[in-house]
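Asks: Just the structure for this:
(4 chains)
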Protein chains: 2
Amino acid sequence: MDVSKYQQKAELLKTLGHPVRLCIVHGLMHNACNVSGIQECLKLPQSTISQHLGILKARGIIKGERRGVEVKYSVVHDDAIKVVKVLLDDEAPFSTRVKEE
Amino acid sequence: MDVSKYQQKAELLKTLGHPVRLCIVHGLMHNACNVSGIQECLKLPQSTISQHLGILKARGIIKGERRGVEVKYSVVHDDAIKVVKVLLDDEAPFSTRVKEE
DNA sequence: TCATAATATGATAGTACAAGGATATAATAG
DNA sequence: CTATTATATCCTTGTACTATCATATTATGA
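Replies: Numbering: from 1, shown residues only, chains lettered A, B, ... in the order given. Reported below is the predicted structural model:
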C-alpha cells in the first residue's frame, strides 16, 4: 500500500483543516491581498495571521511577493485550489486570480 | 464573514487530514469492508484502526452496519467523498470527475 | 453454558498545534 | 539617520492529537 501518497495528501488536508487557514486560502483565491487585508477581515492579531501564512507558505500552498512595503499573497497549490473549490463551491464571483495595478 | 461555515468545513478537512484516516476513507469508497480488512491492509494494531473508525463515525463521515459478528463500514459524507475523489483521482469508477486543468 | 473472533473503550505518554504578546526585520519617506 | 508601516519570528501556556497496551463488549458457534 502506497503510504507516502496518503501522507502527502493528508498533510495538505490537515493544513487546510483549520478555519483560519481555510478562510485565508478561500479569500486569496478570490483576490490576492496582503496581511492587513486578511487581518481586518478576520479580526485576529497580526501575529496569528502571519503565523498561519507562514505555515501555508512553508507547505507550498501560497506564495508571497513583496511589492514595496507590502507582501501580496496568492494561492499556488493546484490540489489545494481543487479541494477548496469543491468544498466552498460558491461560484467565484469572478475568476479573479489576478493582480491588478 | 461567515466563520461557522469555515469551521465546519475545516473540521472535515482536519478529520481527513491524517494518513490513516484518509487511507481508510479512500479504501472504503472502493469497497466497504470490516476492520480486519483495513487492519491487514495498513498493518497497524486493531485498536488504532478502531479508534480512527470511531472518529470518522463520530463526525458522520462513515457508518457501520453490523452483519453478524462483523461490522461493515462505508462512506456516507458527501463532501468527504468529493474531497477524496478530487485528491486521489485514480480511475474514478464512473465519470464523476470534477473538472481539471 | 463457554470459548472465540470481531470490535470498542479507557488510560497513558509522547508529540504537535494554537493564540497572543513582545520583539525583530524590511522598505520607504523625510 | 529616524520614524513609520507592514510583516515575520520568538516564546510561553494551554490544549488537542496519536499510538499503543490492556481490557471490555458483542455476536456466534460448540
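Asks: List, one by one, the residues from chain A near chain B.
Replies: A:1, A:3, A:5-7, A:9-23, A:26, A:41-42, A:78-79, A:82-83, A:86-88 (C-beta under 8 Å from any C-beta of the partner chain). All C-beta spots, glycine's among them, are computed from the backbone N, C-alpha and C.
Asks: In PyMOL, how would I select just the buried ones from those residues?
Replies: In PyMOL, a selection of the buried entries from the residues of chain A next to chain B looks like this (16 or more other C-beta atoms under 10 Å in any protein chain shown):
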select buried, chain A and resi 5+6+9+10+12+13+14+15+16+17+18+19+20+21+22+23+26+42+79+82+83+86+87+88
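Asks: so does stretch A:57-64 get close to DNA strand C?
Replies: No. Judged by C-beta under 7 Å from any atom of the strand, stretch A:57-64 stays clear of DNA strand C, getting no closer than 10.1 Å.
Asks: is it fair to say A:Ser74 lies in a strand?
Replies: Yes. According to DSSP: H, G, I helix; E, B strand; the rest coil, A:Ser74 belongs to a strand.
Asks: ok, so what distance separates the nearest residue to it once chain neighbours are set aside from A:Asp78?
Replies: In this structure, A:Ser74 finds its nearest non-sequential neighbour in A:Ala32, 3.8 Å apart by C-beta to C-beta, 6 or more residues apart in numbering or on different chains. As defined by C-beta to C-beta, to the nearest Å, A:Ala32 lies at a distance of 16 Å from A:Asp78.
Asks: Where helices are concerned, which of the residues of chain A next to chain B count?
Replies: A:3, A:5-7, A:9-16, A:19-23, A:26, A:41-42, A:78-79, A:82-83, A:86-87 (DSSP state H).
Asks: center of chain A, which residue is that?
Replies: Centroid-nearest residue in chain A, with C-alpha atoms, centre = their mean: A:Val25, separated by 2.6 Å.
Asks: So which bits of chain A are right by DNA strand D?
Replies: Looking at DNA strand D, the residues of chain A close enough under C-beta under 7 Å from any atom of the strand are A:34-36, A:46-47, A:50-51, A:53-54, A:57, A:64, A:69-72.
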